[in-house]
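Participant: predicted model and sequence follow; I will ask about them next.
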Amino acid sequence: MSNPVAEQFSRVISFVFDETFEQTHGIYLDRGTSLFETLAAITAQEASRPLGPASGTIAAKVEHVRFYLDVLADYMQGRKERVDWGEIWRTVAVVTPEEWAASQARLKASHQRLLQLVNESAGWESEDAMSGALGILVHTAYHLGEIRQALSQIG
């Protein structure tokens, strides 16, 4: 049996994920400012610049977003584990061009895993799945804003 509300929710979440990560549709971002579009224009050197004494580098923010996607995708599927949210902030700072490219590739892979999960979640009966999806959108938008703000200061 199909669930029209769940199907609509999946379409809406997928559409907003697309705007957040891949390409703007005018929902809330300006043209060309999605996460992947923004990151494509950042060099490893720019990604490695400290943004402030307590804010980390863009490279650390990207790894944090990737880690968050992975943790929340698991959460959406009912898998809940304790994680060390501070590890990335302690261990990621300066990246080489190869490391920067690999970091972006890992983020894209996590994003694809998430899209698959969203597209397969036909029921959306789980509050964890719904809150996880919304949390990912809000959290990623927050860090995208931080990255774009940092670029205005380092560029």
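Facilitator: Everything's here; your move.
Participant: in stretch 8-24, what counts as buried?
Facilitator: Phe9, Ser10, Ile13, Val16, Phe17, Glu19, Thr20, Phe21, Thr24 (16 or more other Cβ atoms under 10 Å). From N, CA and C alone the C-beta is placed, and that goes for glycine too.
Participant: what's it in contact with?
Facilitator: For stretch 8-24, contacts defined as Cβ atoms under 8 Å, 6 or more residues apart in numbering pick out 25, 27-37, 111, 114-115, 118-119, 121-122, 124, 130, 133-134, 136-137, 140-141, 144.
Participant: and Val12, how far is that from Val118?
Facilitator: For Val12, the distance to Val118 (Cβ to Cβ, to the nearest Å) stands at 10 Å.
Participant: ditto for Ser103
Facilitator: Distance check for Ser103 against Val118: by Cβ to Cβ, it reads 23 Å.
Participant: give me the buried subset of the contacts of stretch 8-24.
Facilitator: Neighbour-count burial (16+ other Cβ under 10 Å) applied to those gives 29, 33-35, 111, 114-115, 118, 121, 124, 130, 133, 136-137, 140-141, 144.
Participant: which residues are contacting the strand or helix carrying Ala105?
Facilitator: Under the criterion of DSSP states H and E, Ala105 resides in helix 97-120. Outside helix 97-120, the residues that touch it by Cβ under 8 Å, 6+ apart are 10, 13-14, 17, 21, 35-36, 39-40, 42-44, 47-48, 59, 62-63, 65-66, 69-70, 72-73, 76-77, 95, 133, 136.
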